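A.B. asks: Here is my input; please provide its structure:
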Amino acid sequence: MAVFSEILASRPDLDNYDREWLHQLVADWQVIADLSFADLLLIVQNGDGRYIIAEQCRPSTVMSLREEDVVGKEVDEDLYGELDLAMRSGSVFRSTVLRTVGKSAVCNVYAPVRHNGKTLGLVVRETNMATRESNGRYESESINAGKQLYEMIPRGQFPYRDSVMNQRHIARVSDGFIVLTVDGVVRYASPNAISCFRRLGSLRAMIGQYLSEIGTQLLHKNDPVPETLPLVLSGKAAVDSELDANRSAVSMRSLPLYDANGRTGGIVLCRDVTELRRREKELQTKDAAISEIHHRVKNNLQSVSALLRLQARKTKSQEVKKELAEAQRRVQTIAMVHEGLSQTVDEIVDFDKVISNLLKMSVDLATMRDQHIDIDFIGKFGMMPAQDATPLSLVLTELITNAIEHGFEGRKEGHITVSVGRGGNNLNVVVEDDGVGLEQEENNGMARSSGSGLGTQIINTFVKNDFGGTVRWEPRREGGTRVILDMKLRAAQNES
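C.D. replies: Below is the predicted model of the structure:
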C-alpha cells in the first residue's frame, strides 16, 4: 500500500509548505466526515499527471461506503473530465451524475485544496444518498455544520492555520457538539452535549443562551480557569480546553465557522472525560506509592550497608573485613537500582545511568590508593525493567571487581571497556581489560575465586539460570582478558 508521504513526494512541484498543509488537512478532516455522514477521499495528481487517491477518511457516525483501503489506487479515467473541472473551480464543485459504490447511490462533491495560490488536490465527499432521507434535527444540524467546514477548504480556511490543541483526549462529533451563532449563542446542542453540561451541574436550557455564560456560572470563586476556556466557549478560535465543575470534567474543542466575508459562528465539540481523569489520578497515586516504596527500600538497604561498614571496622580479622566489604558493595548495588526506580513512574529504569554510576563506584572501591583504573562504555543498555536490572547490575559489578582484583594486581594503571549490543530481548555484553591476562582472572570457565567464591556464583547463577545465557572467557588480542555475556532479558520475553 502506498504511503501518503510517498505519494506527495512524487510531486516535485509541491514545496514543504504545501505538503505540510495537506498533512494538516488529513490530520483534522475526521470532524468533517463525521458531521457530514460521508466518506472523504483526498485525490492528487502524481508526477505523470494521473489522479491518485492519496488518503481516505471513513466516518465514525455512519457506516462507511468503503470496506477496502483505496489509498494509492488510480482514479478511473472516466472521471478525469469531472476532476479536471473541479481542479479549475474556485469553490465547491458538485457532480451532476450519481455514481454507484457497492449497492449505494453516491453523490460526489469536490472541494479544491487551495494553498498559496496553488490547487494541491481535491477533497471528495462521497455522500450516500440514503443518509439524506428522513433526517431529524440532529442529522440536519450535523450535515449543515459539516457542509460549512467543507466549504472552507477551497478558501484556505480549513485546516486552521493557528490551531492550538493541548488536550490528551480530544472530543469527537459523536461525543457531543454545539452549534453557536457569531455572537456565541447556542443555536443547537446535541443530546450528548447537553448530557455533558448536565454532568457539570448545568440544569438550564442551553438553546438561546450564551455558552460562555453557561460555562462561567458553573465555576466557583477561586476555581482555576484555563486561558483558552473563554475562546472555546465563544467559538472564536480553533483551540481546546477543559471545564471542571461539580467533580466532573468535560473536554471541549472549538471550530470557528467562516464564509467569504468572515466568521459566521462556531462548533464546539464536547466529551465527558470525568472517568478518564479519575483513573489518571488513581494511576498517579499508585505511581507515587510505588516510587515511595522503592525510595524506602533504597533507604533501608543503605542502612544495612552502613551497618556492614560499621561491623567491618569493629572486626580484627582481615578476611572477615574483606567479606563484609564485599557484602556491603553488593547491598549498595541493589540500593542504587532502587534509587533509579524511585525516580520513574513505572517499573522501568534508565539502566545506562544506573550502571555507569555503579561500575565507577565498584572501580573506586576495588582499586588500591596508588592505582588508577579507567572505565569506558560503548553502546546503550536502554530502559530496563527492575526484574532484569537488579541481577544484571550485580553480574557486571562482580565482573569489574574481579578484573581489578586479579587483572590489575600489582599494577598502577589499567583500562576497562564495557561494550553493549541489544536487539529486542537479546543482550550481548563484552567486558574487556588490559590487565595481566586470562590466567589470573579465569579458572575453568568461571571467575577466579578470592575468598568465599560468592562473586563467581553470582555471575554464573544469574547469567545461566536467570537469563538463560552463557559466559565465555578468552584472552584479549592486545593483552588482557575479554568476558562475553550472551543473554535473553526475561522481562522483555514476557512482554513479547
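
A.B. asks: quick one, longest helix in this structure?
C.D. replies: Ranked by residue count, the top helix of the chain under DSSP state H comes out as helix 274-314.

A.B. asks: ok now the helix or strand that that one is followed by, how far from the chain's centre?
C.D. replies: As assigned by DSSP states H and E, the chain's next helix or strand after helix 274-314 is helix 318-342. Distance, stretch centre to chain centre, for helix 318-342: 36 Å (Cα atoms, centre = their mean, to the nearest Å).

A.B. asks: Over to stretch 231-245?
C.D. replies: 25 Å.

A.B. asks: rewinding a little: what angle separates the longest helix of the chain from helix 318-342?
C.D. replies: 170 degrees (axes from the mean of the first three to the mean of the last three Cα atoms, to 10 degrees).

A.B. asks: contacting residues for residue 335?
C.D. replies: Listed by Cβ atoms under 8 Å, 6 or more residues apart in numbering, the contact partners of residue 335 are 297-298, 301-302, 305. C-beta here means a position set from N, CA and C on the backbone, and glycine is covered the same way.

A.B. asks: try 10 Å this time
C.D. replies: The contact partners of residue 335, taken as Cβ atoms under 10 Å, 6 or more residues apart in numbering, are 297-305, 358.

A.B. asks: Return the member of the residues you listed nearest to residue 248.
C.D. replies: residue 297 (38.0 Å; Cβ to Cβ).

A.B. asks: Neighbours of that closest one, how many?
C.D. replies: 17 (other Cβ atoms under 10 Å).

A.B. asks: In this model residue 334 seems to touch it, though I could be wrong.
C.D. replies: Yes: between residue 297 and residue 334 there is a contact under Cβ atoms under 10 Å: 8.6 Å.

A.B. asks: What helices and strands are in contact with the strand or helix carrying residue 24?
C.D. replies: Taking DSSP H and E as the definition, residue 24 sits inside helix 16-28. Contacts defined by 3 or more Cβ pairs under 10 Å, 6 or more residues apart in numbering; DSSP states H and E place helix 16-28 against helix 4-9, strand 39-45, strand 51-57, strand 104-115, strand 118-128.

A.B. asks: between the ones you listed, which one is nearest to residue 415?
C.D. replies: Here helix 4-9 is closest among the helices and strands packed on helix 16-28 (Cβ to Cβ), at 46.7 Å.

A.B. asks: what's that closest one packed up against?
C.D. replies: Using 3+ Cβ pairs under 10 Å, 6+ apart, helix 4-9 is in contact with helix 16-28, strand 39-45, strand 51-57, strand 118-128.

A.B. asks: Out of the ones you listed, which is closest to residue 463?
C.D. replies: Closest among the helices and strands packed on helix 4-9, once you apply Cβ to Cβ, is helix 16-28, at 47.9 Å.

A.B. asks: moving C-terminal of the closest one, what's the next helix or strand?
C.D. replies: helix 30-36.

A.B. asks: Now residue 485. Nearest residue, chain neighbours left out?
C.D. replies: residue 429 (4.3 Å; Cβ to Cβ, 6 or more residues apart in numbering).

A.B. asks: if I look at the one you found, how far off is residue 385?
C.D. replies: 17 Å (Cβ to Cβ, to the nearest Å).

A.B. asks: low-confidence ranges in this structure?
C.D. replies: 1-2, 167-168, 284-291, 294, 336-338, 340-347, 365-369, 440-455, 491-496 (pLDDT under 70).

A.B. asks: Pull the distance from the helix holding residue 24 to the chain's centre.
C.D. replies: For helix 16-28, the distance to the chain centre is 21 Å (Cα atoms, centre = their mean).
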